[in-house]
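A.B. asks: Here is a sequence with its predicted model. Questions after.
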Amino acid sequence: MTGSSKASKKVALRLLAVLAFIALIAASCGDDDSSDSSDSSSASSSDSASSSDSASSSDSASSSDSAEPSGEPIKVMTVTTLNAAGPTYQNIANTAELYADFINARGGIAGRPLEVTVCDEQFDPAVASTCAREAVEEGMVSIVGSFTFFAESIVPVIAESSITWFGACCPITPSELTSPYSFNIGNQPMYAVGAVKRAVDDGCTSINAVIIDGAQIFIPPMENAIAALGQSFGDTIILPPTAQDYSAEVARATSDADCVVGVISETPYITWNTAWAQSGTTAQQYGPQGNLNSVSAAGAEEATDGNVIAGMYPDISTAAFDDYRGALEEAGMLDDGLDYNSLGGLGTWAAFTGFAQIAETVDGEITAESFYQAADSTSSLDLNGMVPVLDFTQEWTDGLEGYNRLFNRNVIFSELDNGVVVPLTTEFEDVGALATGDAG
């Protein structure tokens, strides 16, 4: 093999790894690659919050009897991918728009309508930069409930104008995880740590790990966790992302193991679960929210029955998401073919709910600067069970290096019941210390 062909092969393999990691996040966010884009819409907020250091959803508007909002709109933006050859997130855009309708029908934020612009970054960092500049030029108060692989092209730009990056479900770039203008609500990669803990708590004594190639960044906190709990992985298998048959990998993963913790994206999980069912194994699986789900379990319902799902948010069927579920039903969106019971759907609704609560606490004009100050001083953001109560005044300075803006380090669990995802636990579990190797 020539030097140039070896180099080409290495580049191709690296690209496959990157695409696998993208697919891992994409599937859990609930991607759809055939939806039309939406450029802008009116969005919304809740009409309750208590003070700038304590915001609660306990008094959120629950009816549409409030006076119609009036005055200048509060402008925010949601950035995601809508038109691209790869993963797209129409569910995020739809949820942002849905929340707008929901909150504006309930009086808006502080009596003013919330206006959302959805910016499609087209899976292009240059276009993502354009979204950032638009947010600055249009005087956006915040960028809310977004997911993009190119936040590094956005967060530093908007921070110069005190515009916050608020409520991200799945922060993956350095600026999202370190910028003082980033207020994350989600907790990636904590769900993988939670899966390890749950496996040990369930009595697993011989645990193997299966990681999709490209997601190796999950391995160190997982290894920290299992070591702190007095065990180690018997084997760590790096799964090729494009294989048509995982029979050999399933055989290896289930060899001398009673449990398997997987960090696998949805499409490979379909192939994996087919081989899992064919193997006849009695091992238990633990996997991530949005990936180990009803889609990937289809056809393998019996083999995956009772498999445990580690997540950031409770299931959409729980009381925490009553308003979201009701709004989706009222809008006729529950059967539109998109996955709203995913990190993208649940996370965007939680982000807008949090934004609205904090904005309600602002004394005076709601601007980018005043919202930033209010968010930065919020020590008790209570979303009524969508996530634990969050304290944005305390960075994670003694945790994983480079994750200091990861305010939520809790997990919650669901399970597969004959191929259907159902809630398993109702209480959040903090696994932040465990991710660093401290069992507490």
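C.D. replies: Cool, the structure landed.

A.B. asks: Run a quick neighbour tally on G139.
C.D. replies: Residues contacting G139 under the criterion other C-beta atoms under 10 Å number 11. For glycine as for every other residue, the C-beta is placed from the backbone atoms N, C-alpha and C.

A.B. asks: quick one: which helix or strand includes the residue nearest to it when sequence neighbours are not counted?
C.D. replies: Setting aside the residues directly before and after it, G139 is nearest to K75 in space (C-beta to C-beta, 6 or more residues apart in numbering), at 6.2 Å. Per DSSP states H and E, K75 falls inside strand 74-80.

A.B. asks: try A433
C.D. replies: helix 432-435.

A.B. asks: Check which helices and strands that helix sits against.
C.D. replies: helix 190-201, helix 219-228 (3 or more C-beta pairs under 8 Å, 6 or more residues apart in numbering; DSSP states H and E).

A.B. asks: let's see 6 Å
C.D. replies: In terms of contacts (3 or more C-beta pairs under 6 Å, 6 or more residues apart in numbering; DSSP states H and E), helix 432-435 is packed against helix 219-228.

A.B. asks: right, and the helix or strand after the helix it packs on?
C.D. replies: Next element after helix 219-228 (DSSP H and E): strand 236-239.

A.B. asks: Could I get the average pLDDT for that following strand?
C.D. replies: Across strand 236-239, pLDDT averages out at 97.

A.B. asks: do the same with stretch 281-299
C.D. replies: Stretch 281-299 comes out at a mean pLDDT of 94.

A.B. asks: Pull the distance from that stretch to the chain's centre.
C.D. replies: In terms of C-alpha atoms, centre = their mean, to the nearest Å, the centre of stretch 281-299 is found 18 Å from the chain centre.

A.B. asks: Kindly check the end-to-end length of it for me.
C.D. replies: End-to-end distance for stretch 281-299, by C-alpha to C-alpha, to the nearest Å: 16 Å.

A.B. asks: same question, stretch 196-205
C.D. replies: Start-to-end, stretch 196-205 (C-alpha to C-alpha) is 11 Å.

A.B. asks: any idea where the helices of the stretch 251-400 of the chain begin and end?
C.D. replies: 266-279, 294-297, 301-304, 322-330, 343-360, 368-376 (DSSP state H, counting those that start in this stretch).

A.B. asks: just the ones you listed: most buried one?
C.D. replies: The highest mean neighbour count among those belongs to helix 343-360 (a mean of 30), with neighbours defined as mean count of other C-beta atoms under 10 Å.

A.B. asks: what helices or strands is that helix leaning on?
C.D. replies: Against helix 343-360 (3+ C-beta pairs under 6 Å, 6+ apart) you get helix 3-29, helix 90-104, strand 142-144, helix 368-376.

A.B. asks: returning to what we had before: now the strand holding K75: mean pLDDT?
C.D. replies: Mean predicted confidence for strand 74-80 is 98.

A.B. asks: in its sheet, what does that strand sit against?
C.D. replies: strand 114-120 (parallel), strand 142-144 (parallel) (DSSP bridges).

A.B. asks: what's next to it, contact-wise?
C.D. replies: Strand 74-80 is contacted from outside by 89, 92, 96, 109, 112, 114-119, 121, 131, 135, 140-148, 366, using C-beta atoms under 6 Å, 6 or more residues apart in numbering.

A.B. asks: Low-confidence regions, the stretch 301-440 of the chain specifically.
C.D. replies: In the prediction, the stretch 301-440 of the chain carries no residues with pLDDT under 70.

A.B. asks: go on, the stretch 51-200 of the chain?
C.D. replies: In the stretch 51-200 of the chain (pLDDT under 70), the answer is 51-65.

A.B. asks: make it 50
C.D. replies: The stretch 51-200 of the chain contains residues with pLDDT under 50 at 51-52, 58-62.

A.B. asks: Specify the stretch among the helices of the stretch 251-400 of the chain that is closest to R198.
C.D. replies: helix 301-304 (15.7 Å; C-beta to C-beta).

A.B. asks: outside of that closest one, which residues touch it?
C.D. replies: So helix 301-304 is contacted by 273, 276-277, 297, 416, 418-419 (C-beta under 6 Å, 6+ apart).

A.B. asks: Can you show me the CA trace of it as PDB?
C.D. replies: C-alpha atoms of helix 301-304 as PDB (Å, rounded to 0.1, in the frame of the first residue of the first chain):
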ATOM      1  CA  GLU A 301     -39.000  -6.800  21.900                       C
ATOM      2  CA  GLU A 302     -38.600 -10.000  23.900                       C
ATOM      3  CA  ALA A 303     -34.800 -10.000  24.000                       C
ATOM      4  CA  THR A 304     -34.700  -6.300  25.100                       C
END
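
A.B. asks: That helix: how far from the chain's middle?
C.D. replies: 26 Å.

A.B. asks: Contacts only, for T81.
C.D. replies: 88-89, 121, 123.

A.B. asks: Ignore what I typed, I meant T254.
C.D. replies: 281, 283.

A.B. asks: ok, now with 7 Å
C.D. replies: Shown in contact with T254 (C-beta atoms under 7 Å, 6 or more residues apart in numbering): 260, 279, 281, 283.

A.B. asks: out of those, which is most surrounded?
C.D. replies: Going by other C-beta under 10 Å, V260 tops these with 29 neighbours.

A.B. asks: Check it and give its pLDDT.
C.D. replies: 98.

A.B. asks: so it touches G287, yeah?
C.D. replies: No - counting by C-beta atoms under 7 Å, V260 does not reach G287; the two are 8.7 Å apart.

A.B. asks: Now A192: closest residue in space, sequence neighbours ignored.
C.D. replies: Closest to A192 by C-beta to C-beta, 6+ apart is F218, at 4.6 Å.

A.B. asks: Ignore what I typed, I meant T425.
C.D. replies: F413 (4.5 Å).

A.B. asks: Please determine how far that neighbour is located from R133.
C.D. replies: 41 Å (C-beta to C-beta, to the nearest Å).

A.B. asks: more neighbours, the two?
C.D. replies: Using other C-beta under 10 Å as the criterion, F413 and R133 rank with F413 on top: 24 against 12.

A.B. asks: show me what contacts T397?
C.D. replies: Neighbours of T397 in contact, by C-beta under 7 Å, 6+ apart: N404.

A.B. asks: Report the separation between it and A375.
C.D. replies: 18 Å.

A.B. asks: Equivalent analysis for N187, please.
C.D. replies: 18 Å.

A.B. asks: ok, and the closest non-adjacent residue to F428?
C.D. replies: Using C-beta to C-beta, 6+ apart, the closest residue to F428 is N410 (3.9 Å).

A.B. asks: Pairing partners for the one you found in the sheet, please.
C.D. replies: Under the criterion used here (DSSP bridges), N410 is bridged to D430.

A.B. asks: That one touches E427, doesn't it?
C.D. replies: No - counting by C-beta under 7 Å, N410 sits too far from E427 to count as a contact (9.2 Å).
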